[in-house]
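In: below is the sequence, then the predicted model.
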There are 2 protein chains.
Amino acid sequence: MTDEAGTRRDKPRPSIKDVAALAGVSWRTVSNVIHGHRYLRPETKAKVENAIAELGYKPQTAARQLRTGRSNLITLAIPYIDHPYFASLAHAVVEAAKAYDYTVLIDETRGLPEKEEQVAHGYQNSHADGIIFSPLALPVDSILAARDKTPLVLLGEHTLDPRIDHVTADNVESTREATEHLISLGHRRIAFLGYLTEGTLGTGDLRLEGYRRALTAAEIDEDPELIIGAVTQTATSAPVSAESDYSREEGYARAQQILQLRQTSQIDAVVCANDLLAIGLLRAFREADVNVPGDIAVTGWDNTPEGGFSTPTLTTVAPDMNAIARFAVEAVHRRILGSTEAPVGRVAPHRLMVRESTAGGLP
Amino acid sequence: MTDEAGTRRDKPRPSIKDVAALAGVSWRTVSNVIHGHRYLRPETKAKVENAIAELGYKPQTAARQLRTGRSNLITLAIPYIDHPYFASLAHAVVEAAKAYDYTVLIDETRGLPEKEEQVAHGYQNSHADGIIFSPLALPVDSILAARDKTPLVLLGEHTLDPRIDHVTADNVESTREATEHLISLGHRRIAFLGYLTEGTLGTGDLRLEGYRRALTAAEIDEDPELIIGAVTQTATSAPVSAESDYSREEGYARAQQILQLRQTSQIDAVVCANDLLAIGLLRAFREADVNVPGDIAVTGWDNTPEGGFSTPTLTTVAPDMNAIARFAVEAVHRRILGSTEAPVGRVAPHRLMVRESTAGGLP
């Protein structure tokens, strides 16, 4: 971290509210003074101007952009703004960027190749200082080929590449821990929900790998019947849509398959590739009068707020969202300041949130 | 709607995938041709170029911006990106804007006055063609005073004002309908959760008004004890934070108050000002072994996806999100094209989604 960044974080800029408090007026009055509105009493104006001077308050203006040649805008490109994981991530990035005085604008790509090309290309017609990009369709080679000079940081494990700054959570290890937790509770017949048959930049295959490692460590044989896919669409060359594949609706639909399987085969637990699949599963199990965790234990991944209020509450992997956001903003900020250091890959911590869906709770 | 808009919507632009399909190659190959990458076979290049010509495909480039003086960017400013209602709204606006070939960038304001001033001011250092703005702190007078020439459309009922284009749902009427639904089921002792003691631009007071109208129409006396606030913070001049006030956590906390009240007073049903409050309430009632809807019926507002999978599923008001988004994009597009017509206010339709939390369901 540079000195400039360090200093900025230690002493946050005074806000309009600080000025208002010191001057003993409302923030609207401060705003009126700043914008030179009429009908202000001279005493009020003087009080506000003194407070502005004392605090060194500087309203955000185009002046700084002209001075520095920077817009102080960062673009965050994510696949699905209406997916709770990405919504939380977007909020965390907005907050983390405040420490460096950046405004973050969020772009929803839906994982469309054309859209992602535009992102990798630095948007051409936009003026962001830097980009934080969670790709779904474009492999890292295409991103590197398409990118312009705009500082670019990648999110997601499939883009781990020594040629570019990136931030991720440890999908394999965290899912291994969730599976190990189920094994430690005595479960042996554990299903995995969320296998994707198509190659994508998603995390389903990494989480499946974590599940497999836990089984292997416990010397439990893998049963292919218990690996449940999450692809409803016909296989094509189009990018797999996480919208349909990792949704509550998909979890609900796949639950029927698991309930069917349960007629002839024992199932103790289900490791879901994300929380939304698990939420759909919980609802379907409830309708079928299958008790969770009594009959079947369930885990998710994401720590979406919803899983803390569902019945039963959901055991899930909680990636440290604030760390992901902070690492990403720090990385892009460093490049914006002109750093030519070697690209850095950072892995954010995670923890397992044990709740009712594995550990007991309401009857 | 202008002819230009109409034409654009009737004939969507050919996409890179259309070109790929016609040329019989992958979209990455098309992308490589467009970006002039090396190592392409001449036959492949020719096939792609012919397909591009045949379809009239035009990659998005800065060239168009130079030609039109427009960026084809719209900024959507909303208070909370991680609130499911605004996340859905953001996605709907992104989709609606595609019909007019706009990219939407989303800005999270957290309802901070400084931030909202920046939005009203046209961002100064941004280059969006237009802005769609859902304000929380700034009254419409301040917005009108601060705005620059950037086309600006407001979302939210408190900003209904003949001086500026705006789009809203009918908060009063929709909540009246939800309350009437409860009355039609025989409930008389109906509480309202989500009253805000501070004046804000939120919708809590409008929804309370709808609740009151339904009671009045049914000749049910209002009981002040049954109007439950949702303000946890000390009253100050700071804008009320919907983050803390309209959350699952707040619903859960206020449920304790309702359970207390229930010791001495009858309560048949609770009209919640939004879905998140209702979700928190459902969880608390479940823990207290209060059956919904058997003991107490519950309604929400927003139609968040979560309410379709909760136990019980949640009866809620569903605003037509796609209509809100379409109206807003149409309005800002008209201004971007230079329309000087009088400002238009449009009210999007809504409907009541009756589910288990009022109508029976799982035991």
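Out: Received the coordinates, thanks. Residues are numbered from 1 along each chain as shown, chains lettered A, B, ... in the order given.

In: residues touching the residue lying closest to A:Ile190 once chain neighbours are set aside, list them.
Out: Spatially, and ignoring its direct neighbours in sequence, A:Ile190 is nearest to A:Ala269 (4.6 Å; Cβ to Cβ, 6 or more residues apart in numbering or on different chains). Just so you know, the C-beta spots here come from the backbone N, C-alpha and C atoms, and that holds for glycine as well. Applying Cβ atoms under 8 Å, 6 or more residues apart in numbering or on different chains to A:Ala269 gives the contacts A:182, A:185, A:187, A:189-191, A:293, A:296-299, A:358.

In: count the neighbours of the nearest residue to A:Pro14 once chain neighbours are set aside for me.
Out: Spatial nearest neighbour of A:Pro14, chain neighbours left out: A:Leu55 (4.0 Å); criterion: Cβ to Cβ, 6+ apart. Residues lying near A:Leu55 (other Cβ atoms under 10 Å in any protein chain shown) number 16.

In: correct me, but A:Leu55 touches A:Asp18?
Out: Yes - under the criterion of Cβ atoms under 8 Å, A:Leu55 makes contact with A:Asp18 at 5.8 Å.

In: list the buried ones in stretch A:165-180?
Out: Neighbour counts over stretch A:165-180 (16 or more other Cβ atoms under 10 Å in any protein chain shown) mark A:165-172, A:174-180 as buried.

In: I meant to write stretch A:23-32 there.
Out: For stretch A:23-32, by 16+ other Cβ under 10 Å, it's A:23, A:25, A:27-32.

In: with stretch A:272-280 instead?
Out: A:272-280.

In: show me those that map onto strands.
Out: Of these, the ones assigned to strands by DSSP state E are A:Cys272.

In: inside helices: which ones of the buried residues of stretch A:272-280?
Out: Per DSSP state H, helices hold the following members of these: A:275-280.

In: and A:Thr299, helix, strand or coil?
Out: The local conformation at A:Thr299, judged by DSSP: H, G, I helix; E, B strand; the rest coil, is strand.

In: what residue in the stretch 151-300 of chain A comes nearest to chain B?
Out: Going by Cβ to the nearest Cβ, chain B is nearest to A:Arg283 of the stretch 151-300 of chain A, at 4.6 Å.

In: do I have it right that that residue meets A:Ala253?
Out: No - judged on Cβ under 8 Å, A:Arg283 makes no contact with A:Ala253 at a distance of 11.1 Å.

In: who's more crowded, those two?
Out: Between A:Arg283 and A:Ala253, counting by other Cβ under 10 Å, A:Arg283 is the more crowded of the two (22 against 16).

In: next up, the contacts around that one.
Out: Contact analysis of A:Arg283 by Cβ under 8 Å, 6+ apart lists A:248, A:251-252, A:255, B:309-311.

In: helix or strand for it, which one?
Out: helix A:275-287 (DSSP states H and E).

In: now that helix against strand A:297-301, angle please.
Out: Calculated by axes from the mean of the first three to the mean of the last three Cα atoms, to 10 degrees, helix A:275-287 forms an angle of 160 degrees with strand A:297-301.

In: gap between helix A:275-287 and the chain center?
Out: Relative to the mean C-alpha coordinate of its chain, helix A:275-287 is positioned 22 Å out (Cα atoms, centre = their mean, to the nearest Å).

In: any idea of the mean pLDDT for that helix?
Out: For helix A:275-287, the mean pLDDT works out to 96.

In: now do stretch A:209-218
Out: Stretch A:209-218 carries an average pLDDT of 97.

In: mind listing what's buried in it?
Out: Those would be A:210-215, for stretch A:209-218 by 16+ other Cβ under 10 Å.

In: which parts of the stretch 251-363 of chain A sit against chain B?
Out: The stretch 251-363 of chain A has residues A:252, A:279-280, A:282-283, A:286-287, A:305-306, A:308-311, A:362 near chain B, with proximity defined as Cβ under 8 Å from any Cβ of the partner chain.

In: and those, which is closest to A:Gly345?
Out: The nearest member of these to A:Gly345, counting by Cβ to Cβ, is A:Pro305 at 28.7 Å.

In: report pLDDT for the closest one.
Out: Model confidence at A:Pro305 (pLDDT) stands at 95.

In: for it, which non-adjacent residue is spatially closest?
Out: B:Arg248 (6.4 Å).

In: which residues touch the one you found?
Out: Contacts of B:Arg248 (Cβ under 8 Å, 6+ apart): A:305, A:308-309, B:276-277, B:279-280, B:283.

In: and with 6 Å instead?
Out: A:309, B:276, B:279-280 (Cβ atoms under 6 Å, 6 or more residues apart in numbering or on different chains).

In: kindly report the same for A:Arg213.
Out: By Cβ under 6 Å, 6+ apart, the contact set of A:Arg213 is A:Arg176.

In: state the distance from it to B:Ala359.
Out: 46 Å (Cβ to Cβ, to the nearest Å).

In: same thing with A:Ile74?
Out: Distance of A:Ile74 to B:Ala359, computed by Cβ to Cβ: 47 Å.

In: ok, now A:Ala87?
Out: A:Ala87 is 30 Å from B:Ala359, where distance means Cβ to Cβ.

In: those two - which one has more neighbours?
Out: A:Ala87 (27 against 14).

In: between the helix or strand containing the more buried one and helix B:84-98, how many degrees?
Out: Per DSSP H and E: A:Ala87 is located in helix A:84-98. Put simply, helix A:84-98 runs at 90 degrees to helix B:84-98, going by the same axes, to 10 degrees.

In: residue ranges with poor pLDDT in the stretch 151-300 of chain A?
Out: Scanning the stretch 151-300 of chain A for pLDDT under 70 picks out A:159, A:197-202, A:230-244.

In: let's see it at 80
Out: Scanning the stretch 151-300 of chain A for pLDDT under 80 picks out A:157-160, A:195-202, A:230-245.

In: all strands of it, in order?
Out: For the stretch 151-300 of chain A, the strands defined by DSSP state E, counting those that start in this stretch occupy A:152-155, A:166-169, A:190-195, A:227-229, A:269-272, A:297-301.

In: would you mark the buried spots in the fourth one?
Out: Judged by neighbour count (16+ other Cβ under 10 Å), strand A:227-229 contains these buried residues: A:228-229.

In: could you list every helix and strand in contact with that strand?
Out: On a contact count with 3 or more Cβ pairs under 6 Å, 6 or more residues apart in numbering or on different chains; DSSP states H and E, strand A:227-229 meets strand A:190-195.

In: with just CA atoms, put the strand it packs on into CSV.
Out: C-alpha atoms of strand A:190-195 as CSV (Å, rounded to 0.1, in the frame of the first residue of the first chain):
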residue,chain,number,x,y,z
ILE,A,190,-23.7,-37.0,0.9
ALA,A,191,-25.0,-35.5,-2.4
PHE,A,192,-23.6,-32.6,-4.2
LEU,A,193,-26.1,-30.2,-6.0
GLY,A,194,-24.8,-27.8,-8.6
TYR,A,195,-22.5,-29.7,-11.0
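
In: what residues are up against the residue most central in space within chain A?
Out: The centre of chain A sits closest to A:Leu89, judged by Cα atoms, centre = their mean, with a distance of 3.5 Å. By Cβ under 6 Å, 6+ apart, the contact list for A:Leu89 reads A:Met321.
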